[in-house]
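> turn this into a model:
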Amino acid sequence: MLDIPRLDRIRLEARPRWQRVVARGVLLPNYELLRKVEITFEGFEKVPREPVIFAMNHTDRYNYWPFQYHLWRHESRFTATWVKGKYYENPIVGKFMEMTNNLPTVSRGYIITKDLLANLGRRPTDEEYGALRHHVDAIATGEPADERALPVPRAFLTTPRDILGRAFDPTRETWGDAIVATFSRMMQRFLQLHEEAFDIGLDLLVFPQGTRSIRLSRGHIGMSQVALRYGKTVVPVGCSGSDHVYPTSSPFAKPGRIVYRFGEPLTHDDAAAWHVPEPFTPFEAKSEKKHRALFQSHVDEIMRRIDGLVDEPYRFAPDAESDGVKGSHRFV
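Numbers count the residues shown, from 1 in each chain. Predicted coordinates:
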């Protein structure tokens, strides 16, 4: 499970040992000796030597593995990669993620869903999730919020408990306040890990769509907040063909060809039109609300560039909507 103690014990390495173990022991035989997977980088000469943020489409469960493998074998570079918190539910997968330089993304939706699962034994319905998320978002932005109208049992809102490593005491705070505080504490560590990654020379790999989808969909604003806050260059990457090499949940690739195309880097200076005119903390609700238009416009430009780097089957869906999972199913 992804909780505060697990976030606190994550340690990053400049040359991650377990990434290299997996690359040599699993990927090298699979790609080069057994299956003969062809991995092609087009336009990598555009990438600066200093750490960057690679922003890539996410077509399948494993399309970052060939990318990291080729990056290590041919460029001697390593990444810290954003992954969903739900991948830490399985003890074995969670330990693997923890050991291989991954940064588990945190969201209010994940905390809400996990709290319902732990106390009601089920994930929220779409109606419940929408109401609970709206309530928590209102509290996070300083708007009035009344718990009495929430469509969950009263005991759920008033029973003392641990929420992902933080104590909830209903005599001192409301349930909504507790979710906001838990998110804030987890996000503090999440951002600290980014600073550590950049300090030791790691690139950051992010999937702005936020979920797997064959067709490109509109990007979320998280990546833009990190790029603009830390002044990082964003390199758009278009991945084509990985879904045929990894058509199922199996980590063993089928024969095929994967092409990663690198677009023109968007430096911090190039992104001047989207600079926030005041200090801000990424993922802080009030900043997101105040500056959302800048963040969204920035990531829209990145997604537009990715769209020009992928083959036609992976380009934007007509409605720019994801064909992946939605609602609370994104979190568990």
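
> report the separation between the spatially closest residue to residue 227 that is not a sequence neighbour and residue 206.
Distance criterion Cβ to Cβ, 6 or more residues apart in numbering; nearest residue to residue 227, sequence neighbours excluded, is residue 234 at 5.1 Å. Bear in mind the C-beta positions are built from the backbone N, C-alpha and C, glycine included. From residue 234 across to residue 206, the span is 9 Å (Cβ to Cβ, to the nearest Å).

> shared neighbours of the two, which are they?
By Cβ atoms under 8 Å, 6 or more residues apart in numbering, residue 234 and residue 206 have these common neighbours: 53, 55, 223.

> just curious, which of these is nearest to residue 316?
Proximity of the shared contacts of residue 234 and residue 206 to residue 316 (Cβ to Cβ) peaks at residue 55, which lies at 14.9 Å.

> show me what that closest one is bridged to.
residue 206, residue 236 (DSSP bridges).

> give the contact list for it.
Counting by Cβ under 8 Å, 6+ apart, the residues that residue 55 touches are 206-208, 219, 223, 234-237, 302, 306.

> shouldn't residue 264 be within a strand?
No: going by DSSP: H, G, I helix; E, B strand; the rest coil, the assignment for residue 264 is coil, not a strand.

> so where's the stretch 51-200 of the chain shaky on pLDDT?
Within the stretch 51-200 of the chain, no stretch falls below the threshold (pLDDT under 70).

> can you give me the helices for it?
Taking DSSP state H, counting those that start in this stretch, the helices of the stretch 51-200 of the chain run over residues 64-75, 91-99, 108-120, 126-140, 154-158, 175-199.

> now for the shortest one, which elements pack on it?
Right, helix 154-158. Packed against helix 154-158 by the contact rule (3 or more Cβ pairs under 8 Å, 6 or more residues apart in numbering; DSSP states H and E) you find helix 108-120, helix 175-199.

> show me what counts as buried in the first one.
Judged by neighbour count using 16 or more other Cβ atoms under 10 Å, the buried positions of helix 108-120 are 108-117.

> closest one to residue 70 out of the residues you listed, please.
residue 110 (30.9 Å).

> quick check: the closest one vs residue 10, distance?
With Cβ to Cβ as the criterion, residue 110 and residue 10 are 16 Å apart.

> would you confirm that the residue nearest to residue 227 contacts residue 264?
No: with contact defined as Cβ atoms under 8 Å, residue 234 does not reach residue 264; the gap is 10.2 Å.

> the two: which is more packed in?
Set residue 234 next to residue 264 and count neighbours by other Cβ atoms under 10 Å: residue 234 wins out with 29 against 11.

> tell me who's in contact with that one.
So residue 234 contacts 52-53, 55, 223, 227, 265-266, 271, 302 (Cβ under 8 Å, 6+ apart).

> determine which two of the residues you listed are furthest apart.
Within those, two members stand farthest from each other by Cβ to Cβ: 223 and 265, at 14.1 Å.
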